[in-house]
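Student: what's the 3D shape of this:
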Amino acid sequence: MSRFCPAARGVTAGARRVVPTALVAALAVMAAAAPASAGVANAGLPGPRHSDPIAGLRWGNYTGGQDEVFPAYRSATGRDRALLGLIALRPRMRWFGTWYSDAQAQRTIQEYIANVTGGDPNVMSQVAVFRLVPWEHAAWPPRGSRAGTS
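Tutor: Got it, this is the predicted structure:
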């Protein structure tokens, strides 16, 4: 085995049997886990609760200028408008990262959510906030930095 996988050199045959067994056991535990439930988070929302905690909830749609799609949809006509509407009129998730300064991040996200929900607390919005990459480095060079420019 070690001739096909250099990382396996020096690994005993017993360890090679334990790892797959542990993997199968972990997968079995994961498969038997209870389904996800929003519990308290959805307690005050109207409508019947299902095993799917977001089933039946209304999703809002962003219609402002921060979006790359909706302004194009708004200004399009005819067939272009119909095709852009297939994307623009569906709820979408928006990414917020270090390209928004710390000073503007909270305000920008609050404005986004206010647009999506129209102020209705029973309408949901999708937001992803990434300020770091998984390797603990900044996700984007800070403003004013020459990093990442050519």
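Student: Okay, Ile109 and Asn61: tell me how far apart.
Tutor: Distance of Ile109 to Asn61, computed by CB to CB, to the nearest Å: 16 Å. Just so you know, the C-beta spots here come from the backbone N, C-alpha and C atoms, and that holds for glycine as well.
Student: Show me where the chain dips below the pLDDT cut-off.
Tutor: Counting by pLDDT under 70, the chain shows low-confidence ranges at 1-50, 132-150.
Student: Do a quick rundown of the helices in it.
Tutor: 13-31, 70-75, 78-88, 102-117 (DSSP state H).
Student: What's the local residue count around Ala88?
Tutor: 21 (other CB atoms under 10 Å).
Student: Could you find the closest non-adjacent residue to it?
Tutor: Take Ala88 and drop its neighbours on the chain: the residue closest to it by CB to CB, 6 or more residues apart in numbering is Tyr73, 3.6 Å away.
Student: wouldn't that neighbour be in contact with Arg90 here?
Tutor: No. Applying CB atoms under 8 Å, one finds Tyr73 not in contact with Arg90, separated by 10.9 Å.
Student: When the two are compared, which one has more neighbours?
Tutor: Taking neighbours as other CB under 10 Å, Tyr73 and Arg90 compare with Tyr73 leading, 19 against 10.
Student: What residues does Asp80 make contact with?
Tutor: Going by CB atoms under 8 Å, 6 or more residues apart in numbering, Asp80 touches no other residue.
Student: any idea how far Tyr112 is from Arg74?
Tutor: Counting by CB to CB - Tyr112 and Arg74 are separated by 17 Å.
Student: can you check Arg94 too?
Tutor: Arg94 is 17 Å from Arg74, by CB to CB.
Student: Between these two, which has more neighbouring residues?
Tutor: Arg94 (17 against 13).
Student: Bridged to the more buried one, which residues?
Tutor: Val127 (DSSP bridges).
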